[in-house]
Each structure stands twice: as structure tokens, then as C-alpha cells.
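> just need the structure, nothing else, for what follows:
(one chain, ligands or ions: 1)
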Amino acid sequence: MNRRAFLESAACLASAACLSGAEGPLRTHAAAHGLLYGAATAYGPLQNDPDYSAHLAAECNLLVPENVLKWTTVHPAPERFDFVPGDFLAHFAAAHDMRMRGHTLVWHEQLPRWFASTVTKQNARARLEEHIRTVMGHYRGRMHSWDVVNEAIRPQDGRADGLRQTPWLDLLGPEYLEIAYATAAEADPQALAGYNDYGLDYHTPEDEAKRNAVLGLLRRLKKQNVPVQAFGMQAHLSAGRQPTFQPETLRRFLGEVAGLGLKILITELDVSDAGLPDDAESRDRAVAAVYENYLTAALAEPAVVAVLTWGLTDKYTWLASRNRRPDGSPVRVLPLDHEFHRKPAWYAIAKALDTRR
Ligand code: G3I
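Model (predicted):
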């Protein structure tokens, strides 16, 4: 199919006439149930791969930058911010009637080289506030939500409050969380201020300990009237590792989060195919089953407002390098394959969205 024909078919997919039944794009399946569907978006491919942009525009009504709003990109020098990549994505989202969310303002990873030599206990609070004010302020009024704090819990670090040992904790103590949310609430009151984390999905002792620690953190924040408004469930899942999944465990956890008055977003859903046999058909079946079971359970919680996969196509996924397959074949972990064809995972997500009441 040439580019023009493809774009016409993408436009058709996004139009009302083409949207009935299973073939409409995921954004329509989601919207029919009051939800948003989106994907983490890679900056390089968005500039260079027209098939990628066309499929993103067709399938998604929510976009989150995979990397370009992290400190290393957006704050490359102590006194310099770079919004060129983020603005490119924001422009793309606006042009295709998509909402956008921000990722992420406070994280122990992707801190630029200058951070360690420049940020001290004396200036850490001012530096954190300045970063949040500047980055959130730049997109003020345009963001659906922000991952204000990302991955702050790690029970293995041995603290009673479950907090991960991070540069921010060393510099400011646990108060860094309150500072971050208070600054975020002022910088962009319209964006939902979220807390985002992973490792919470399975019926295992590790995940249970992390669920308890995350709930403890969220309860403390709410009790102190810290303005956290949303919870991001990353949901990096595995079809090959076969950890025990119990829908009831997931639903109970999401119910407790919702009970705190928080909206919930499934923020980084993907399903690793590491450990599965090479045969693509059986791999696809196993991956799709995980998507469907997980999302069906998660979407039973009325507080869930959005589902995002961490990427849209197997052509661009962090799992390609992380979980390289022994036979060198592409990983098959996202809704669309390497050539942008819909896979069983796509249909599983559509079905789960359709069953949302
Ligand atoms: O852009 C540079 C490029 O200039 C350089 O040549 C190349 C050499 O390694 O690195 C490129 O940067 C990489 C970047 O992705 C863009 O591809 C970084 O090394 C690499 O560490 C970075 O990985 C990202 C990772 O977060 C760390 O930021 C992944 O793409 C991204 O998918 C992953 O996303 C995280 C979420 O933010 C938080 N939750 C977990 C999730 C998966 O790890």
C-alpha cells in the first residue's frame, strides 16, 4: 500500500463510518466506554517513520513520550531546558485530537550527568521546584496527567516506609514527595498529578509486599493532604515467566487505591514474550491471553480512566533489546507487529475495552 492509500485508510479508521465492530481503532473501543487508549511514543521514529505516525494517530487518543520529558533530555544542563522534542510530540498529539500525559518529573533514573556535581542538600529543594515549575509550566493546561513521582517504592531497600533509596531521598528525606506534589499542583492545576510504579501485578510475595508499601505511601500522602490525584499502574507483564496472576488480587488492590479517591491509569502495559517458544502463532496466543485476562480484571475497577501500552508496535519497544530472542526473531509483545499488522494482542485489548461496563 502506498503512503497516500495508507493515510486514507488511517483516516477512514478514525472516522465514524469505519468504526463499528471489532475493526475500529483502539481509541474508539476505549472512547465508547469513557476511556482513553494511548501508547508511549518514541521521538525518533515519530519524525522518521510515516507508517508509525499514521498508526499512532489512528489507534490512540492519548500519547505519552517514552523518553523525551525525562531529565536527561528536557534538562540537559543546570541552567538549560530543551523542549524541542517534547513540543514535537505535543504538536503531533494536538494535530491528531489526542490528549497527552507527562512522564516523568521525579525519578531516580535518567538524571543528567551534571546532577551529581551540582545538586546539593542546600539547593536540592530549589532545584526540584524549579524543574517541576519549568517543565509542567511549559505544558500548563495541555496535559491530561503527569507522572509526578515515578517508582519511589522498593521494599528491598529495607526502610520501614518502603521508600526506595534515591538521590532525592538522600538529599531531601521523605519530604521530597510532598514538595513535588505541592509544586506540581501550582504549576499545572488542570493536570492530574499521578504516582506511577511497577511490580504490583502478580499474586506473589514480592508483589504483595510492594502493593502494601505503595498503598502505605498513598495513604500517608492522602492523610497529609498531599495533592496526589491519580495512580499509574505500569503493568509490565510476562507471558513466558508465568508468575501467578489472580484477577481477584489485582482487583482488590485497584479497589483499595480507588478507595483513596484516586483515579487509576494503566500506564505502561506490555507483555514480554521472553521464554516462550519461537513459533509466532503460539507466542501471539499466549501474549494475547495475558493482555485480555489482565485488562478484563483491571477494567472492572470503575476508577480506571485510561489504558496505555508501552509502545504500539513491536518495531519500537524497549523489550527488543532487553529481551532479545535467542533465534534473533523480533519480539512480539505489543498490539501491532513489526510491519504494523494487528496481532491477537490488539484484538485482546479491543475485547477487554469492549467488555468495560
Ligand atoms: O538517545 C540515546 C542515544 O543518543 C544513544 O546513542 C543511545 C546509546 O545507548 O542511548 C539512547 O538513549 C536511550 C534511550 O532509551 C532512548 O532510546 C537510553 O540509553 C536508554 O536507557 C533509554 O531507555 C529507556 C528507559 O526507560 C530509561 O529511560 C527506554 O527507552 C524506556 O522504554 C524506558 O521506560 C521506562 C519508563 O520510563 C519507566 N518505567 C519502566 C520503563 C521500561 O524500562
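> write out the residues of this protein neighbouring the ligand.
66-67, 70, 109-110, 198, 234, 268, 318 (Cβ under 6 Å from any ligand atom). Where you see a C-beta, it was placed from the backbone N, CA and C, and this is true even at glycine.
> ok, which stretches of this structure are strands?
With strands called from DSSP state E, the chain shows them at 36-41, 62-65, 99-106, 145-150, 192-197, 230-233, 236-238, 263-272, 304-309.
> got those strands as CSV, with distance to A90, mean pLDDT and mean neighbour count columns?
Output for the strands of the chain, formatted as CSV (distance: least, Cβ to Cβ, whole Å; pLDDT from 0 to 100; neighbours: other Cβ atoms under 10 Å):
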stretch, distance to A90, mean pLDDT, mean neighbour count
strand 36-41, 11, 98, 26
strand 62-65, 9, 98, 26
strand 99-106, 6, 98, 24
strand 145-150, 13, 99, 27
strand 192-197, 17, 99, 25
strand 230-233, 19, 99, 26
strand 236-238, 25, 98, 19
strand 263-272, 18, 98, 25
strand 304-309, 16, 98, 24
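> so can I have TSV of those strands showing distance to E130?
Below are these laid out as TSV (distance: least, Cβ to Cβ, whole Å):
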stretch	distance to E130
strand 36-41	26
strand 62-65	20
strand 99-106	11
strand 145-150	15
strand 192-197	18
strand 230-233	24
strand 236-238	31
strand 263-272	26
strand 304-309	28
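> find the closest residue to the ligand in the chain.
Of all residues in the chain, the one sitting closest to the ligand is W318 (3.4 Å; Cβ to the nearest ligand atom).
> so what's that residue up against?
In this structure, W318 makes contact with 66, 310-311, judged by Cβ atoms under 8 Å, 6 or more residues apart in numbering.
> let me know the pLDDT of the closest residue to S282 other than its chain neighbours.
Nearest non-adjacent residue to S282, counting by Cβ to Cβ, 6 or more residues apart in numbering: L276, 7.3 Å away. The per-residue pLDDT reported for L276 equals 95.
> how many residues are close by the nearest residue to P335 once chain neighbours are set aside?
Here the nearest residue to P335 in space, its sequence neighbours aside, is W346; by Cβ to Cβ, 6+ apart that works out to 3.9 Å. With neighbours defined by other Cβ atoms under 10 Å, the count for W346 comes to 23.
> dump the residue contacts of W346.
The neighbourhood of W346, defined by Cβ under 8 Å, 6+ apart, consists of 26, 335-336.
> highest neighbour count among these?
P335 (29 neighbours).
> wait, that residue sits on K351?
No. Using Cβ atoms under 8 Å, P335 is not in contact with K351, being 11.9 Å away.
> not counting sequence-adjacent ones, nearest residue to the residue with the shortest distance to the centre of the chain?
Nearest to the mean C-alpha position of the chain, by Cα atoms, centre = their mean, lies T267 at 2.9 Å. Distances taken as Cβ to Cβ, 6+ apart put G232 closest to T267, at 3.8 Å, once the chain neighbours are dropped.
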